[in-house]
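Enquirer: my questions are about this predicted structure, shown below with the sequence.
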Amino acid sequence: MLTLHMSALATVLADSRATALPDAPEKLSAYLLARERDHWARLHERGLLKADPNAMSQVIYIAALTGPLSYVEGTSALEAAPVELWEHPGRLIKDHAVCYA
C-alpha cells in the first residue's frame, strides 16, 4: 500500500515538474526524498528557513524516530541527538513547522 501511495505522489510531482518518473519501485524513496530536500533548499534560499537542507535532514530524521513531541520534548530530543546541529534547537523546531505546517 505504501508503494502505491508513493508511486501516486511521485507521478503527480513528475508530471507537475515535467521530470522523469522513477522507473522502479525501489527508486521511489530516493526520488521523493530528493524533491523534499529541494523544497527545504528553496525555503532556505528564500530566507524562510534559517536551517540549511543538511540541518533539516537531521531534524527530520530525529522527528521520524521520535514521532510527535511537545516543544520542550522536541528541544530535548534535538539537544540529546548525536548530530551536528549548528542552529539552536528552538530555531530548528520553528523551521520544521514552516516546512510541514
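Expert: Nice, I can see it.
Enquirer: ok, the residue lying farthest from the centre of the chain to residue 5 distance?
Expert: Here the centre of the chain is the reference, and by CA atoms, centre = their mean the most remote residue is residue 23, at 22.9 Å. Here the criterion is CB to CB, to the nearest Å. By it, residue 23 lies 18 Å from residue 5. Every residue, glycine included, has its C-beta placed from N, CA and C.
Enquirer: how about residue 28?
Expert: 10 Å.
Enquirer: quick one, which of these two is more surrounded?
Expert: Using other CB atoms under 10 Å, the more surrounded residue of residue 28 and residue 5 is residue 28, with 19 against 10.
Enquirer: assign the more buried one to helix, strand or coil.
Expert: For residue 28, the secondary-structure state derived from DSSP: H, G, I helix; E, B strand; the rest coil is helix.
Enquirer: so who does it touch?
Expert: For residue 28, the contact set (CB atoms under 8 Å, 6 or more residues apart in numbering) comprises 3, 6-7, 10, 22.
Enquirer: quick one: secondary structure of the residue nearest to it when sequence neighbours are not counted?
Expert: Of all residues not flanking residue 28 in the chain, residue 6 sits nearest, at 4.5 Å (CB to CB, 6 or more residues apart in numbering). Here residue 6 is helix, with the state taken from three-state DSSP.
Enquirer: rewinding a little: quickly find the element holding the residue farthest from the centre of the chain.
Expert: Per DSSP states H and E: residue 23 is located in neither a helix nor a strand.
Enquirer: what's the pLDDT at it?
Expert: pLDDT recorded at residue 23 is 80.
Enquirer: i'd like the first residue to be 5 from this point on
Expert: Happy to do that; since the first residue is 5 now, the last one works out to residue 27.
Enquirer: separation between it and residue 12?
Expert: 16 Å.
Enquirer: for residue 81, same thing?
Expert: 31 Å.
Enquirer: what about these two, which has more around it?
Expert: Neighbours around residue 81 and residue 12, counted as other CB under 10 Å, are more numerous at residue 81. The numbers are 17 against 10.
Enquirer: buried set for the one helix or strand in the chain whose mean pLDDT sits lowest?
Expert: Every helix and strand in the chain was compared by mean pLDDT, DSSP states H and E; the lowest is helix 6-21, with a mean of 83. Buried residues in helix 6-21, counted by 16 or more other CB atoms under 10 Å: 10-11, 14.
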